[in-house]
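Novice: Fold the following for me, if possible:
(one chain, ligands or ions: 2)
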Amino acid sequence: TRTSRPQRILKAVQTKATVGDPQSVITAIDHFCRHREWAMNVGDEKGSILDSVVNEVSPVTVLELGTYCGYSTVRIARLLPPGACVITLEFNPDYAAIARQVIKWSGLEDKVQLVEGASGDWIPWMKEHFGVQAFDLVFLDHWKERYLPDTKLLEECGLIQKGTVLLADNVICPGTPDYLEYVRNSPHYNSQYYRSHLEYTKAEDGLEKSVFLGY
Ligand SMILES: C[C@H](C[C@H]1O[C@@H](n2cnc3c(N)ncnc32)[C@H](O)[C@@H]1O)NC(=O)c1cc(-c2ccc(F)cc2)cc(O)c1O
Ligand SMILES: [Mg+2]
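Specialist: Ligands and ions are numbered 1, 2, ... in the order given. Now for the predicted structure:
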């Protein structure tokens, strides 16, 4: 049968990118998705905003919800200093298998823990299983209606502390209205919208950055 789109993205990485060179992996995926087939990576425009937030936070522990093919995992991990890591959750096993190979090709596997499973099942185990105290940065990019329940779950599990930064993709397209309303109206978050475009298109989209102010 036909290959899947993630398989074709991996092939583009393996034919166009250099092993151990994360930037070439990012460039190969962006070129493929702009000129061959659209795919739901955060992309180069919003990716640059993600980069600037990672550099500003310089996190030691990052949580990414929704790995897909690992594009944003590579973007984040390539900016982390030695000893820092990103835990990324992906519940589709086919996507997780592709993401592992993309992350390996970029040479960043030592900075990445890819967990195959659903965010709602795994968040309560983060402290016990990974020895995480709290996350410095959370990148939300999974099912859009899971952003709010998972944020509340992270709060309940004590995985968000004063200074933790939540960065949410797709707050306009496809949109996460209940999440936006929550972080923008809560006295416990200081929220800011970074206007951009839906990956590889001219449609409006953006990232919402929310800093937890403590209880
Ligand atoms: C949801 C996906 C991203 C991935 O998230 C995993 N996932 C899900 N729920 C969970 C969980 N609960 N735990 C762990 N992983 C989880 C999944 O399997 C996908 O691989 N992202 C999107 O759907 C997405 C869609 C669009 C988009 C925009 C305009 C259009 F016309 C069409 C699509 C743009 C984007 O930028 C996205 O990010
Ligand atoms: Mg997204």
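
Novice: Run a quick neighbour tally on N190.
Specialist: Residues lying near N190 (other CB atoms under 10 Å) number 14. To be clear about C-beta, it is placed using only N, CA and C from the backbone, and glycine gets the same treatment.

Novice: Would you enumerate the residues in contact with the nearest residue in space to G20 that is not next to it in sequence?
Specialist: Sequence neighbours aside, G107 is the residue nearest to G20 in space, at 3.7 Å (criterion: CB to CB, 6 or more residues apart in numbering). Residues near G107 by CB atoms under 8 Å, 6 or more residues apart in numbering: 19-22.

Novice: Give me the buried entries from these.
Specialist: Neighbour counting by 16 or more other CB atoms under 10 Å classes P22 among these as buried.

Novice: tell me which of the contacts of G107 is nearest to F130?
Specialist: Checking these against F130 with CB to CB, the nearest one is P22 at 22.7 Å.

Novice: coming back round to it: pLDDT at the residue nearest to G20, what is it?
Specialist: Looking at G107, its pLDDT reads 98.

Novice: just C69 next, same as before
Specialist: Reported pLDDT for C69: 99.

Novice: next one: T1
Specialist: pLDDT for T1: 78.

Novice: Tell me which residue of this structure is positioned farthest from its centroid.
Specialist: No residue in the chain has its C-alpha farther from the mean C-alpha position than T1, which lies at 30.1 Å (CA atoms, centre = their mean).

Novice: how close does that one get to ligand 1?
Specialist: 20 Å (CB to the nearest ligand atom, to the nearest Å).

Novice: How many residues are close by G70?
Specialist: 33.

Novice: for the one 10 residues further on, same thing?
Specialist: Number of residues near L80 (other CB under 10 Å) recorded here: 20.

Novice: Show the backbone phi and psi for it.
Specialist: phi -80, psi 140 (degrees, to the nearest 10).

Novice: In space, what's closest to it - neighbours in sequence excluded?
Specialist: K111 (5.2 Å).

Novice: which residues does that neighbour contact?
Specialist: Contacts of K111 by CB under 8 Å, 6+ apart are 77, 80, 84-86.

Novice: residues in contact with the residue in the chain that ligand 2 sits nearest to?
Specialist: For the chain, the residue closest to ligand 2 is D169, as judged by CB to the ion, at 3.7 Å. Shown in contact with D169 (CB under 8 Å, 6+ apart): 42, 46, 72, 139-141, 205, 207.

Novice: What subset of those residues is buried?
Specialist: Using 16+ other CB under 10 Å, the buried ones in the contacts of D169 are 42, 46, 72, 139-141, 205, 207.

Novice: and whichever residue of the chain sits closest to ligand 1, how far is that from P124?
Specialist: The nearest approach of the chain to ligand 1 comes at G66, 2.9 Å away (CB to the nearest ligand atom). G66 sits 18 Å away from P124, going by CB to CB, to the nearest Å.

Novice: Between those two, which is the more surrounded one?
Specialist: Ranked by neighbour count (other CB under 10 Å), G66 and P124 place G66 first, with 25 against 14.

Novice: returning to that earlier point: for the contacts of K111, give me a markdown table that also has distance to ligand 2.
Specialist: As requested, the contacts of K111 are exported to a markdown table (distance: CB to the ion, whole Å):
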| residue | distance to ligand 2 |
| --- | --- |
| A77 | 17 |
| L80 | 20 |
| A84 | 23 |
| C85 | 21 |
| V86 | 16 |
